[in-house]
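*Asks:* Return a 3D structure for these sequence lines:
(one chain, ligands or ions: 1)
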Amino acid sequence: MNRHVVVIGAGAVGAISAIEALRAGLRVTLLDPGLPGGEQAASYGNAGWLSSHSVIPPAEPGVWRRLPRLIMDPLGPLAIRWNYLPQATPWLLRYIAAGWTAARIAATARALRSLLVDAPALHEGLARQAGVPQLIERRGLLHVYPSRADFEADALAWTIRRDNGVRWLELDAAALHRQERALHPRYQFGVLVPEAGHCRNPGAYVAALVAYARTLGAQWVSARATGFHIERGRLQAVRCDDTEVACDAAVVAAGAHSKALAARAQDRVPLESERGYHVVVESPEVMPQLPLMVSDCKLIATPMETGLRVAGQVEIAGLGAAPDWRRADILRDHLPSIFPALPREFPRDRLHNWLGHRPSTPDGRPCIGFARASSDIVYAFGHGHVGLVGSARTARVVAQLLSGCAPEIPLAPFDPRRFA
Ligand SMILES: Cc1cc2nc3c(=O)[nH]c(=O)nc-3n(C[C@H](O)[C@H](O)[C@H](O)COP(=O)(O)OP(=O)(O)OC[C@H]3O[C@@H](n4cnc5c(N)ncnc54)[C@H](O)[C@@H]3O)c2cc1C
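*Replies:* Coordinates of the predicted model:
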């Protein structure tokens, strides 16, 4: 009988892990209390960037100098809720340490590049096999800056990207506005990364991936995992709220909710929710041609199947706190200063707001590897800002670990116990 694997969580990471495990000849059950592709998952509402060049972790040298201001400004692009500060402090200290030197950032960039380098092609293949080829585009991604000087202020990040093989085209004002006619004239410089791509509807993509996994033989169980039944180091079952699912192996791919499950498998992992928001404007008056990273507004504007999605903001407030929809309003209010043809006010029924939880480790690298309690349990969580793009290679590696094969990339940088 084939090894039976329960994949806990059906976001992008879990859905593709299920597909790769089935391809490796394993029997698979997908377990999630939510709907595939549903709004509960970060994979639903992200900016859709398949940015193989997103190798720079969020913490950068000198971030500690900005922390007091960030804590004081509840509506800034990175905010920490006062009442959550005591709980977040250990994570924040590790976050600051992870970005303390350029050398640490370069090490993370090398690791992330190995995970992301060919992600747009991998997702293109998956979308084709899942019957939704139209959801993945590979026409590049565009960073826009008010001036070349603003781009040069980002020199450390771009130098590290170049050292990792990322190539780009620099667009002067005329070339930028030929490419993006709807863009405000105050943007005078652009950086086009041709190797990257984007997903035009991440929720629909994940739903299609789960449906594809089911056609390959995956079982679906609508339940919330709570822990593991382990005897003498061997996994017997995944425990759920009301039941147990007997199995030989499990994958923890529950996104920002994975910390509690890892604790049940004897691992203390510093995983925090970097809460993010999006606003979708239905039937917008104008659309960008390509997804844009708008440097001065610290947001991404992506042309989606469902409308214009503007996503961003980082809020450290835990998994349970109520959304602060003023953050979504900030994203919306930036829009006319990016696309002058958009109105200042939209009728409420043309806007859709969303809050999601980036599953973030302090160093910006996911946890991929075996649990302490049992090598039958494989971790695949903590992808922070790069979980959509990073899901494809992660899933291949997960299947290799489950099958006892050597992983195709070095896993030391993603060791779940590197924080111990
Ligand atoms: C505003 C925003 C913009 C972003 N933009 C991008 C981007 O452009 N590109 C990119 O690559 N990444 C982006 N990200 C990050 C990306 O969305 C996440 O890293 C990624 O979706 C994480 O995928 P996941 O499968 O690990 O987790 P999730 O998508 O969160 O899925 C986890 C699943 O586990 C389930 N679950 C939770 N607990 C349990 C349990 N106990 N038992 C069973 N199931 C459980 C949940 O219901 C959920 O379906 C963005 C995130 C945000 C918030």
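
*Asks:* burial measure for the residue lying closest to residue 415 once chain neighbours are set aside, as a count.
*Replies:* Distance criterion CB to CB, 6 or more residues apart in numbering; nearest residue to residue 415, sequence neighbours excluded, is residue 369 at 5.5 Å. Backbone N, C-alpha and C define where each C-beta goes, glycine included. Using other CB atoms under 10 Å, residue 369 is surrounded by 23 other residues.

*Asks:* Doesn't residue 369 lie inside a strand?
*Replies:* Yes - counting by DSSP: H, G, I helix; E, B strand; the rest coil, residue 369 is located in a strand.

*Asks:* List the residues that contact it.
*Replies:* By CB atoms under 8 Å, 6 or more residues apart in numbering, the contact list for residue 369 reads 378-379, 401, 411, 414-417.

*Asks:* of the residues you listed, list those near the ligand.
*Replies:* For the ligand, no contacts are drawn from the contacts of residue 369 by CB under 6 Å from any ligand atom.

*Asks:* Which of those sits closest to the ligand?
*Replies:* Using CB to the nearest ligand atom, residue 379 comes nearest to the ligand of the contacts of residue 369, at 10.6 Å.

*Asks:* Beta-bridge partners for that closest one, please?
*Replies:* residue 252, residue 369 (DSSP bridges).

*Asks:* Could you pull up the residues touching it?
*Replies:* By CB under 8 Å, 6+ apart, the residues touching residue 379 are 251-252, 258, 262, 267, 269, 367-371, 416.

*Asks:* do the same with residue 340
*Replies:* By CB under 8 Å, 6+ apart, the residues touching residue 340 are 182, 184.

*Asks:* Quick one: name the residues of the protein near the ligand.
*Replies:* Counting by CB under 6 Å from any ligand atom, the chain sits next to the ligand at 8-14, 31-34, 40-43, 46-49, 224-225, 253-255, 257, 276-278, 311, 356, 358-359, 381, 383-389.

*Asks:* List the ones among those residues that fall in helices.
*Replies:* Among those, the ones falling in helices (DSSP state H) are 12-14, 42-43, 387-389.

*Asks:* Residue in the stretch 301-420 of the chain with the shortest distance to the ligand?
*Replies:* Closest point on the stretch 301-420 of the chain to the ligand, by CB to the nearest ligand atom, is residue 387, at 2.0 Å.

*Asks:* what packs against the helix or strand bottoming out on mean pLDDT in the chain?
*Replies:* In the chain, no helix or strand scores lower on mean pLDDT, DSSP states H and E than helix 63-72, which sits at a mean of 75. Counting contacts by 3 or more CB pairs under 8 Å, 6 or more residues apart in numbering; DSSP states H and E, helix 63-72 is packed against strand 78-80, helix 85-98.

*Asks:* Now do that helix: everything it contacts.
*Replies:* Identification of contacts with helix 63-72 by CB under 8 Å, 6+ apart yields 76, 78-80, 82, 85, 92, 95-96, 99.

*Asks:* Which of those residues are buried? Put it as a ChimeraX command.
*Replies:* To isolate the buried ones among these in ChimeraX, judged by 16 or more other CB atoms under 10 Å, type:
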select :76,78,79,80,92,95,96,99
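
*Asks:* The contacts of helix 63-72 into JSON lines, with extra columns for distance to residue 181?
*Replies:* Formatted as JSON lines, the contacts of helix 63-72 follow (distance: CB to CB, whole Å):
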{"residue": "76", "distance to residue 181": "31"}
{"residue": "78", "distance to residue 181": "32"}
{"residue": "79", "distance to residue 181": "34"}
{"residue": "80", "distance to residue 181": "39"}
{"residue": "82", "distance to residue 181": "44"}
{"residue": "85", "distance to residue 181": "45"}
{"residue": "92", "distance to residue 181": "42"}
{"residue": "95", "distance to residue 181": "39"}
{"residue": "96", "distance to residue 181": "41"}
{"residue": "99", "distance to residue 181": "37"}
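
*Asks:* Max pairwise distance over the contacts of helix 63-72: which two?
*Replies:* With CB to CB as the measure, no two of the contacts of helix 63-72 lie farther apart than 82 and 99, at 23.0 Å.

*Asks:* Break down the stretch 151-300 of the chain into its strands, ranges please.
*Replies:* Along the stretch 151-300 of the chain, counting by DSSP state E, counting those that start in this stretch, strands occupy 169-171, 189-193, 197-199, 219-221, 225-231, 234-240, 244-246, 249-252, 272-281, 292-294, 299-304.

*Asks:* Determine which stretch of the ones you listed is the most buried.
*Replies:* Neighbour counts (mean count of other CB atoms under 10 Å) averaged over each of the strands of the stretch 151-300 of the chain peak at strand 249-252, with a mean of 28.

*Asks:* now could you export just the CA positions of that one as PDB?
*Replies:* Provided in PDB are the C-alpha atoms of strand 249-252 (Å, rounded to 0.1, in the frame of the first residue of the first chain):
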ATOM      1  CA  ALA A 249       2.900  11.000   7.000                       C
ATOM      2  CA  ALA A 250       1.800  14.600   7.200                       C
ATOM      3  CA  VAL A 251       2.700  18.000   5.700                       C
ATOM      4  CA  VAL A 252       2.100  21.100   7.800                       C
END
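
*Asks:* which residues are contacting that strand?
*Replies:* With CB under 8 Å, 6+ apart, strand 249-252 has contacts from 3-9, 14, 17, 21, 26, 228, 235, 238, 258, 261-262, 265, 371, 376-381, 398, 402.

*Asks:* Tell me who's in contact with the nearest residue to residue 120 once chain neighbours are set aside.
*Replies:* Leaving out its chain neighbours, the residue that sits closest to residue 120 by CB to CB, 6+ apart is residue 197, at 3.6 Å. Residue 197 sits next to 50, 120, 123-124, 136-141 when contact means CB under 8 Å, 6+ apart.
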